[in-house]
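Student: Okay, here's the prediction I keep looking at, along with the sequence it came from:
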Amino acid sequence: MEEVFEKRVYMAQLFDTYRNMLTEKQITSMELYLNEDMSLTEIAQSMGVSRQAVFDLLKRVEGQLEKYEAKLHIFQDKR
């Protein structure tokens, strides 16, 4: 449980750091998931897409954020 919380906090921090490098759709979905604490189903309904599409989008964004950090180290340097 604690690992899930820690990953979510880490993703929120990466999102805050690299949000300007994402598309509007990616930003919206991450804001709803991380900041509004909406479920995948709720996000899907609000965006007019399937739950699976939201899941795939969030996973891709998480991967992108981790790649940005691995290359740029902006978040790590802020610590």
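Tutor: Structure's in. What do you need? Numbers count the residues shown, from 1 in each chain.
Student: can you tell me the helix or strand for the residue nearest to M21 when sequence neighbours are not counted?
Tutor: Distances taken as Cβ to Cβ, 6 or more residues apart in numbering put Y68 closest to M21, at 6.2 Å, once the chain neighbours are dropped. All C-beta atoms are positioned from the backbone trio N, CA, C, and that covers glycine. Using DSSP states H and E, Y68 maps to helix 51-72.
Student: And for the closest residue in space to M11 that isn't next to it in sequence, the neighbour number?
Tutor: In space, and not counting its chain neighbours, M11 is closest to E62: 5.9 Å by Cβ to Cβ, 6+ apart. Look at E62: counted by other Cβ atoms under 10 Å, it has 17 neighbours.
Student: what angle do the helix or strand hosting A44 and helix 51-72 make?
Tutor: In the assignment (DSSP H and E), A44 maps to helix 40-47. Counting by axes from the mean of the first three to the mean of the last three Cα atoms, to 10 degrees, helix 40-47 points 100 degrees away from the direction of helix 51-72.
Student: looking at the protein, which helix or strand is least sure?
Tutor: Least confident helix or strand, the chain: helix 74-78 with a mean of 77, by mean pLDDT, DSSP states H and E.
Student: give me every residue that touches the residue nearest in space to the middle of the chain.
Tutor: The centroid of the chain falls nearest to M30 when counting by Cα atoms, centre = their mean (4.2 Å). Listed by Cβ atoms under 8 Å, 6 or more residues apart in numbering, the contact set of M30 reads F15, R19, L22, L58, V61.
Student: What's the separation between the fourth one and D37?
Tutor: What that stands for is L58. Going from L58 to D37 by Cβ to Cβ, to the nearest Å gives 13 Å.
Student: of the two, who's got more company?
Tutor: For L58 versus D37, the count of surrounding residues by other Cβ under 10 Å is larger for L58: 19 against 9.
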